[in-house]
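**Student:** No letters, just coordinates:
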């Protein structure tokens, strides 16, 4: 279990961000894309310079142009078990952020999560596994500013091997994690793990 701010979040935080149920009757359609090893985390010396932190302000919208994500955002809290709650499944084009933690753009690790699919079909982060290193993630913020992040890596982890410290650990600069389900799908157990995008702030406007 990893602490973000003053609140503990369990490793099971992100296991319920997709149902896969719709896949069972649509075998002719492809499953969500998964990142390749080439998109894995690079040597820190290769990473781009970070932009100065922005003042705290809640995010209102997320855009990832390379995979056609353009979605409103909602705040997320914790479930009684200490896991991060998921955005309401009834709205497939909705992402959430952990509002008791770091706001995207301020110093620290901000957490954004969304469904890969619901029982009705693909959802907001269905194509998250296709994001490439160097791609841009933009978050509109309530104060009118935009926090622009550059992707450092995209990785997939089995649920049993989810690296809490790597994903949720404290950061000395503004960083972002975007998380959804992934790692293959089993009819008996659902999605096997999670796709995680690692990014850091490179501009504010």
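**Tutor:** Received the coordinates, thanks. What you see is a predicted model, and the numbers here were worked out from it, not measured in a lab. Numbering: from 1, shown residues only.

**Student:** Quick check: bridge partners of the residue nearest to the spatial centre of the chain?
**Tutor:** Nearest residue to the geometric centre of the chain (Cα atoms, centre = their mean): residue 178, 1.6 Å. On the basis of DSSP bridges, residue 178 is bridged to residue 112, residue 197.

**Student:** Would you map the helices across the chain?
**Tutor:** Counting by DSSP state H, the chain has helices at residues 164-168.

**Student:** Low-confidence regions, it specifically.
**Tutor:** For the chain, applying pLDDT under 70 flags the ranges 1-16, 18-30, 38, 41-48, 188.

**Student:** Would you map the strands across it?
**Tutor:** 2-4, 7-9, 59-64, 69-76, 95-98, 108-114, 117-118, 121-122, 136-141, 146-158, 174-186, 190-204 (DSSP state E).

**Student:** Please report the distance of the residue nearest to the centre of the chain from residue 153.
**Tutor:** 11 Å (Cβ to Cβ, to the nearest Å). No exception for glycine: its C-beta is placed from N, CA and C like everyone else's.

**Student:** Find the residues that touch each one of those two.
**Tutor:** Residues touching both residue 178 and residue 153 (Cβ atoms under 8 Å, 6 or more residues apart in numbering): residue 197.

**Student:** Residue 168 is nearest to which of the strands of the chain?
**Tutor:** strand 2-4 (4.1 Å; Cβ to Cβ).

**Student:** what's the straight distance from one end of stretch 127-136 to the other?
**Tutor:** 14 Å (Cα to Cα, to the nearest Å).

**Student:** what comes into contact with it?
**Tutor:** 32-35, 39, 42, 64-69, 116, 148-154, 156, 178, 180, 182, 195, 197.

**Student:** now those residues: which count as buried?
**Tutor:** For these, a burial check counting by 16 or more other Cβ atoms under 10 Å picks out 32, 34-35, 39, 64, 67, 69, 116, 148-154, 156, 178, 180, 182, 195, 197.
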